[in-house]
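Participant: Only the shape, not the letters, is given here:
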């Protein structure tokens, strides 16, 4: 049988852990540099002898202890000393412990407060718990019980800190500035996303595999007023129809073989947050009908139940298919398409924004260096030319994989020989062989196009462009003058 304190910490760990769970399966490896913060305990007690006993007990247990003889003094100490746990008497002269709790919570809503009372009535305990106290201890107390309660409280505080660090990491990870690219196409998308992030409008993201559809969806969520709530993703093409329905809408115990417990489903688990329906074009038509009803009524009916349940979650869908063509072919419901496609975001393939390739290559090289705990490496101009010349059917994801492979295989620099064979071969030319009119361009025209594209790709930095081209700066300026 668990003690009351053990049940308390188990419940707190579950509540906070459940919030963290929603982020635990992101397709990224978050690395925290969390160092164990100093465990500072503030003791608020107006009886000098008891204050001294508590201080000695906690210091012997290894804690840094601050003491205050009144709530007023505690409020001077608390904001300036990174207090992990506050241990306060309820009955004190002047401001009592419950009022102190309110004042501390106003400073830090995640503050952990334990109250002590010689009045062990149920009423005083309930009043303290209702006000948000972590736990309470009755006097006289057993030393070991008090130390265990403080220890449990500190565990909860660390969970709060880790949760806060995770959210900060996520916000940085999915800030728009972290999506790499200076091309005009991408900048237009950024401007659109910033306009719609805080709305509840349905969003449909279209683009080839590897263009970053989920990255854009997460950026929308983590830059919206739903950022503190869950972001839950499901690939509609990865599960059979029956499992997908259960995953989305939930089920009741016994609704099908293997349903041994109730399941909430993503629509209810994402309450207040965002659901990302990836590869929506793969959703079976019977489920399309149920999804349409859910979006219209803002409610879902779990499998095995006849009782609809309301939900509050934003829907962002994505597909690598042309959904309008799928509608025309009868494979996707027209009414669902228009319900999802209030705001359409079309991501360009990498071959249509080649000017971003040098920036992306540098970004992925730095990322590989961090992952391998190795110094950063330069990409030689020959290797960069090969990257620019390749067609990138796999888009940004393929480029990242190519850079990671090259980083591992390379020496001090990433050279052409370190790239995958199909990129080295130059089988796909960067330039079209003919002009739109069908005429073959001259060698001088090909050179002009290439030089101007390189300059554009490095943000008009002529020095960097000259380095990539393998010519000196004066030669570059002479060529540009000739092109005028």
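Facilitator: Thanks, I have it. Note that the structure is a prediction, hence the values are computed from the model and not measured.

Participant: can you list the domain ranges for this protein.
Facilitator: Listed domain ranges for the chain are 4-171, 174-348, 352-483 (source: automatic domain parsing).

Participant: Let's have these in a markdown table, adding mean pLDDT and mean neighbour count.
Facilitator: Heads up, the C-betas are built off the backbone N, CA and C, glycines and all. Formatted as a markdown table, the domains of the chain follow (pLDDT from 0 to 100; neighbours: other C-beta atoms under 10 Å):
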| stretch | mean pLDDT | mean neighbour count |
| --- | --- | --- |
| domain 4-171 | 74 | 16 |
| domain 174-348 | 90 | 17 |
| domain 352-483 | 83 | 16 |
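
Participant: mind listing the helices for the stretch 201-350 of the chain?
Facilitator: 213-222, 241-249, 266-269, 285-297, 323-328, 334-340 (DSSP state H, counting those that start in this stretch).

Participant: Would you mind saying which of those helices lies nearest residue 74?
Facilitator: Nearest to residue 74 among the helices of the stretch 201-350 of the chain is helix 213-222 (36.3 Å), distances taken as C-beta to C-beta.

Participant: quick one: residue 400 and residue 366 touch, right?
Facilitator: No. Counting by C-beta atoms under 8 Å, residue 400 does not reach residue 366; the two are 11.8 Å apart.

Participant: Span of stretch 466-482 from start to end?
Facilitator: From its first residue to its last, stretch 466-482 covers 16 Å (C-alpha to C-alpha, to the nearest Å).

Participant: Not counting that stretch itself, show me its contacts.
Facilitator: With C-beta atoms under 8 Å, 6 or more residues apart in numbering as the test, stretch 466-482 has contacts from 358, 381, 384, 385, 447, 448, 451, 454, 458, 462, 463, 465.

Participant: Which of those residues fall within helices?
Facilitator: 358, 381, 384, 385, 447, 448, 451, 454, 462, 463, 465 (DSSP state H).

Participant: Roughly how far does the fifth one sit from residue 463?
Facilitator: In this view, residue 447 and residue 463 are 19 Å apart by C-beta to C-beta, to the nearest Å.

Participant: again with residue 179
Facilitator: In terms of C-beta to C-beta, residue 179 sits 26 Å off from residue 463.

Participant: now do residue 268
Facilitator: With C-beta to C-beta as the criterion, residue 268 and residue 463 are 56 Å apart.

Participant: Residue 333 now?
Facilitator: Going from residue 333 to residue 463 by C-beta to C-beta gives 55 Å.

Participant: do the same with residue 188
Facilitator: 28 Å.

Participant: repeat for residue 295
Facilitator: Distance from residue 295 to residue 463, by C-beta to C-beta: 53 Å.

Participant: Also residue 329?
Facilitator: Residue 329 is 52 Å from residue 463, by C-beta to C-beta.

Participant: Could you do residue 235 as well?
Facilitator: In terms of C-beta to C-beta, residue 235 sits 45 Å off from residue 463.

Participant: what do you get for residue 118?
Facilitator: On the measure of C-beta to C-beta, residue 118 and residue 463 end up 76 Å apart.

Participant: got it, and residue 312?
Facilitator: Applying C-beta to C-beta to residue 312 and residue 463 gives a distance of 53 Å.

Participant: swap in residue 60?
Facilitator: Distance from residue 60 to residue 463, by C-beta to C-beta: 64 Å.

Participant: next one: residue 449
Facilitator: Relative to residue 463, and taking C-beta to C-beta, residue 449 is found at 21 Å.

Participant: end to end, how far does stretch 242-258 reach?
Facilitator: 12 Å.

Participant: before we move on, what about stretch 227-244?
Facilitator: End to end - C-alpha to C-alpha - stretch 227-244 spans 25 Å.

Participant: Mind listing residues that contact it?
Facilitator: 19, 22-23, 167, 171, 214, 217-218, 221-222, 247-248, 256, 266, 269-284, 286-287.

Participant: Also stretch 276-286?
Facilitator: With C-beta under 8 Å, 6+ apart, stretch 276-286 has contacts from 204, 213-214, 217-218, 221, 231-238, 241, 244, 291, 315-321, 323, 326, 331-333, 340.

Participant: gap between residue 456 and residue 198?
Facilitator: 33 Å.

Participant: For this structure, which segments count as strands?
Facilitator: 40-44, 64-68, 83-89, 112-117, 135-138, 203-206, 231-235, 274-278, 299-300, 309-310, 314-319, 343-346, 378-379, 413-414 (DSSP state E).

Participant: Can you give me the separation between residue 97 and residue 116?
Facilitator: 8 Å.

Participant: One more: residue 412?
Facilitator: 64 Å.

Participant: Equivalent analysis for residue 351, please.
Facilitator: 68 Å.

Participant: ditto for residue 88
Facilitator: Distance from residue 88 to residue 116, by C-beta to C-beta: 7 Å.

Participant: Can you work out which residues contact both of those two?
Facilitator: Joint contacts of residue 88 and residue 116 (C-beta under 8 Å, 6+ apart) are 45, 97.

Participant: that older thread, which neighbours do residue 97 and residue 116 have in common?
Facilitator: 88, 89, 90.

Participant: just curious, which of the residues you listed is nearest to residue 393?
Facilitator: residue 88 (64.3 Å).

Participant: hang on, isn't residue 320 packed against residue 208?
Facilitator: Yes. At 5.5 Å, residue 320 and residue 208 qualify as touching, with contact defined as C-beta under 8 Å.

Participant: Please name whichever of the helices of the stretch 201-350 of the chain is nearest to residue 395.
Facilitator: Between the helices of the stretch 201-350 of the chain, helix 213-222 lies closest to residue 395; by C-beta to C-beta that is 10.2 Å.

Participant: which ones are touching residue 89?
Facilitator: Residue 89 neighbours (C-beta under 8 Å, 6+ apart): 44, 45, 46, 47, 50, 97, 115, 116, 117.

Participant: Could you check how far it is from residue 384?
Facilitator: 69 Å.

Participant: ok, now residue 184?
Facilitator: Taken as C-beta to C-beta, the span from residue 184 to residue 384 is 21 Å.

Participant: Could you do residue 466 as well?
Facilitator: 13 Å.

Participant: likewise residue 135?
Facilitator: Taking C-beta to C-beta, one finds residue 135 at 60 Å from residue 384.

Participant: just residue 317 next, same as before
Facilitator: 36 Å.

Participant: returning to that earlier point: so which of the ones in helices among the contacts of stretch 466-482 is the closest to residue 69?
Facilitator: residue 358 (64.4 Å).
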